[in-house]
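Enquirer: 3D, please:
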Amino acid sequence: MSEQRPATPPLPPRERVGQEHRLIRAVLIVVVLAFLSLFLFMPLATVFIEALSRGVMPYRAAILDADALAAMRLTGLVALVAVSVNVVFGLAASWAIARFDFRGKNLLISLIDLPLSISPVISGLIYILLFGAQGLFGPWLKARGFEVVFALPGIVLATVFVTFPYVARELIPHMQSQGKADEEAALSLGASGWRVFFRITLPNVTWSLLYGVLLCNARAMGEFGAVSVVSGRIRGVTTTLPLHVEILYNEYNAPAAFAVASLLALLALVTLALKVALEWRYREERALSR
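Expert: Model prediction:
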C-alpha cells in the first residue's frame, strides 16, 4: 500500500493577498508598457528612423533649409510672446483668485478653462470671423494698414488663446494651498504690495510657475489647429514648424518632413526631462521645508 502524502496546507490570507497583488502589479506593468510601446515609443522611433533614412547630409539639409529656418524663427517668436503674455496673465489671475473673494470668481475660473474645451480649429475660426477680410473688425483694421489674419498678430493671438490656461492652472492651486498668512504678516510690518509680491509670493510659487511655463511653451511650439486656420500657410512667412511639416509631407517629401518633425520630437523629450527635473526639485524643496 503506497504511502499518502500529506495535503499542502493553504497559504495564510496575508501571503495569498500578497501573491495576488504581485500578479496584478505585473499584469498592469505589462499592459502599460505595451500601451506606451504602441502609442509612444514606436511612433517616436519611427520619426527619427524616417528622418535619417537617407543619411545625415539630407537630414541636415532639410533642417537648414531657408523655409525651415524661417519656420523655426517664427515658432520661437510666437512661443516667446505667448509664454510672456501667459506668465503675466497667470500670475495676475492666480493671485486674484487665491487671495481675494469677489463676485464672478467661479466664472473667471471657468473662463480660464474654456480653451481646454474648445477645438483649436474653432478658436482659429473665431479670429477669422473677428479679424478676417469680411470679419467684424477686419475691414477697419485693413483700412489702417494693420493685418491680423494671415500675419504674425493672428498667429500670436491664436496661440495665446489655446495656451493661456497652462500657467494659471498650475499657480492657482499652489497659491490656494499656501494661504496668505505670510503676506498678511509682511503687510502688517509695513511692506508694500509690490514688495510682498516679489519677496514672498513669487519665490513661493517659483517651481509651479516654471512648470506652467514649460507646459505653455511646449503647447505653443506644437500648436497646429488654431495656427493653421489663421496663418494662411504662406511658406517661409507664416508657417510654423508643425505647418512646415505638413507642407513637406503633402509635397511627398517625407524624409524632409520627418527631419523637421524630429525637432518637435526632441522638444517633447527635452520638455519631459525638464518636467521630471522640476518635479524632483519641487519635492526635494518641500521635504526640506518640513
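
Enquirer: in the lengthiest helix in the chain, what counts as buried?
Expert: In the chain, assigned by DSSP state H, the helix with the most residues is helix 254-289. Buried positions in helix 254-289, judged by neighbour count with 16 or more other CB atoms under 10 Å: 255-265, 267-268, 271, 274, 278, 282. C-beta here means a position set from N, CA and C on the backbone, and glycine is covered the same way.

Enquirer: Phi, psi for residue 53 please.
Expert: phi -60, psi -30 (degrees, to the nearest 10).

Enquirer: measure the closest residue to it other than its chain neighbours to residue 246 for me?
Expert: Excluding its sequence neighbours, the residue lying closest to residue 53 (CB to CB, 6 or more residues apart in numbering) is residue 255, at 5.7 Å. Distance of residue 255 to residue 246, given as CB to CB, to the nearest Å: 15 Å.

Enquirer: Check residue 233 too.
Expert: Counting by CB to CB, the gap from residue 233 to residue 246 is 8 Å.

Enquirer: And this protein, split by domain according to the record?
Expert: 20-51, 63-289 (automatic domain parsing).

Enquirer: Tabulate these in a markdown table, adding columns for mean pLDDT and distance to residue 57.
Expert: Converted to a markdown table, the domains of the chain look like this (pLDDT from 0 to 100; distance: least, CB to CB, whole Å):
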| stretch | mean pLDDT | distance to residue 57 |
| --- | --- | --- |
| domain 20-51 | 86 | 12 |
| domain 63-289 | 88 | 11 |
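
Enquirer: Buried deepest among those, which one?
Expert: domain 63-289 (a mean of 17; mean count of other CB atoms under 10 Å).

Enquirer: From the contact counts, what lies against the helix or strand containing residue 77?
Expert: When elements are assigned from DSSP states H and E, residue 77 belongs to helix 66-99. Secondary-structure packing of helix 66-99 (3 or more CB pairs under 8 Å, 6 or more residues apart in numbering; DSSP states H and E): helix 105-117, helix 152-163, helix 165-178, helix 206-222, helix 241-250, helix 254-289.

Enquirer: can you do 6 Å?
Expert: helix 152-163, helix 165-178, helix 206-222, helix 241-250 (3 or more CB pairs under 6 Å, 6 or more residues apart in numbering; DSSP states H and E).

Enquirer: Isn't residue 245 up against residue 257?
Expert: Yes: using CB atoms under 6 Å, residue 245 is in contact with residue 257, at 5.1 Å.
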